[in-house]
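Visitor: show me how the following folds:
(one chain, ligands or ions: 1)
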Amino acid sequence: MEKKDILSLSPGEIEEELIALGEKKFRGKQLYEWLHKKRVVSFSECTNLSAALISKLDERYFINRLTIKRKLVSAIDGTTKYLYEFSDGEKAETVMMSYNHGNSLCISTQVGCKMGCSFCASTKAGFVRNLLPSEMLLQIYESERDSGKKVESLVLMGIGEPLDNYDNVLKFLGILSSPEGTNLSLRHVSLSTCGLVEKIYDLAELKLGLTLSVSLHAPTDEKRSAIMPVNKRYGTAELIEACKYYFEKTGRRISFEFALISGVNDNAETAKELIRLLKPISPCHVNLIPVNEIKEGPYRKSENVKSFCSMLIKGGINATVRRTLGADISAACGQLRRDNI
Ligand code: SAH
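Guide: Below is the predicted model of the structure:
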């Protein structure tokens, strides 16, 4: 019998499984708390479960785990970047950042990525596989354990396209926010997407309260398709329409990511085009960052970040320059995995 990944099961599923094993309903809740609150690594640690039940669990399920393959700590601000290895040897990155308002964790949702954005290191070696709900949870559990810090907000902005692993990501979010487990409110979660339009509509219907962060990086089809292949499938007009729908349906403002690349998307004309594109869905927010220079790419950081930001604000668009943390360890997103494949 192939063992099931118990950390990927929702509270309801665990309850059903235990009832099928002849146990009372409340045992499901007890087991769930052991797994997600106390975060045991073996069933034998669950001291209020009978030896008979523990042996049944051992026969049918496994408790997934990951290991720290590498860890880089910033000497400037303590930002910690983990390279985690999953049980099959695949790897992904997680970053723990501390802000004035608390600790934020950035997790990966896939090993590699299919999206092919030309400035992004995560996609250069292609796509390997989706991460399981348990593998997303374990990035949080292990980072909290190792750092001694509690994650107060979460961003799905590491390696991978979360909406391309939609079912597992939703399952993960359900487990993460369940009161019997970590109980993190989804209002403290941001999900970043390159713009898979159909899935944005699906997500809007669920009204989960999470912030949708859209990686825009260019305001016209011509400019966006040149750096983001996904734009050939879903053009900017279609994407903005979906964002508008998300905002109307959920009441949550959209946050747009815009990485400024010297000579590519950082001039006054681009700022004007961006204002024109976003005006119809204001209030929204634009997060500006100078592009992270990666080994595989020709792109250089823009020097115009501040002036670009002022142009947007003058044009009536809410914009800020994102504070850079961990500058000394910021092998750009995906770079650490690329160097350790
Ligand atoms: N696939 C999702 C989430 C992962 S990427 C997405 O596209 O949103 C997380 C963010 O980092 C995205 O906004 C992405 O565009 C951005 N990013 C990737 N490579 C970058 C680089 N070299 N410099 C700056 N931002 C980058």
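
Visitor: alongside the ligand, which residues does the stretch 101-250 of the chain contribute?
Guide: Taking CB under 6 Å from any ligand atom as the criterion, the stretch 101-250 of the chain approaches the ligand at residues 115, 117, 119, 120, 157, 161, 192, 193, 194, 215. Placement of C-beta: from N, CA and C, glycine included.

Visitor: can I get these in TSV with distance to residue 232 and secondary structure?
Guide: As requested, these are exported to TSV (distance: CB to CB, whole Å; DSSP: H, G, I helix; E, B strand; the rest coil):
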residue	distance to residue 232	secondary structure
115	11	coil
117	12	coil
119	16	coil
120	16	coil
157	23	coil
161	15	coil
192	20	strand
193	16	strand
194	12	coil
215	15	strand
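
Visitor: most widely separated two among these?
Guide: Greatest spacing in those, by CB to CB: 119 and 193 (16.0 Å).

Visitor: for those two, indicate the residue with more neighbours.
Guide: residue 193 (24 against 21; other CB atoms under 10 Å).

Visitor: wait, the more buried one touches residue 199, no?
Guide: Yes. Between residue 193 and residue 199 there is a contact under CB atoms under 8 Å: 7.4 Å.

Visitor: between these two, what contacts are shared?
Guide: When contacts are counted by CB atoms under 8 Å, 6 or more residues apart in numbering, residue 193 and residue 199 have residue 163 as shared neighbours.

Visitor: sketch out the low-pLDDT regions of the stretch 201-341 of the chain for me.
Guide: 330-341 (pLDDT under 70).

Visitor: helix, strand, or coil at the residue in the chain sticking out farthest from the centre?
Guide: Distance from the C-alpha centroid of the chain peaks at residue 52, with 38.8 Å (CA atoms, centre = their mean). Under DSSP: H, G, I helix; E, B strand; the rest coil, the three-state class of residue 52 is helix.

Visitor: next: the one 3 residues further on.
Guide: Counting by three-state DSSP, the backbone at residue 55 sits in helix.

Visitor: next, count neighbours for residue 126.
Guide: For residue 126, using other CB under 10 Å, the count is 9.

Visitor: now it: closest residue in space that isn't a chain neighbour?
Guide: residue 112 (5.5 Å; CB to CB, 6 or more residues apart in numbering).

Visitor: show me what contacts residue 312?
Guide: Residue 312 sits in contact with 271, 274, 275, 286, 288, 318, 319, where contact means CB under 8 Å, 6+ apart.

Visitor: among the residues you listed, name the ones in helices.
Guide: Among those, the members found in helices (DSSP state H) are 271, 274, 275.

Visitor: contacting residues for the last one?
Guide: When you say that, I think you mean residue 275. If a contact means CB under 8 Å, 6+ apart, then residue 275 has 311, 312, 315, 316, 317 as its contacts.

Visitor: and the longest strand for the protein?
Guide: Using DSSP state E, we find that the single longest strand of the chain is strand 91-99.

Visitor: can I get the CA coordinates of the helix or strand following it in CSV?
Guide: Following strand 91-99 in sequence order, the next helix or strand is strand 102-106 (DSSP states H and E). C-alpha atoms of strand 102-106 as CSV (Å, rounded to 0.1, in the frame of the first residue of the first chain):
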residue,chain,number,x,y,z
GLY,A,102,6.6,41.8,11.8
ASN,A,103,8.1,38.8,10.1
SER,A,104,7.3,38.0,6.5
LEU,A,105,8.1,34.7,4.7
CYS,A,106,8.4,34.3,1.0
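
Visitor: buried residues, strand 102-106. List them.
Guide: 103, 104, 105, 106 (16 or more other CB atoms under 10 Å).
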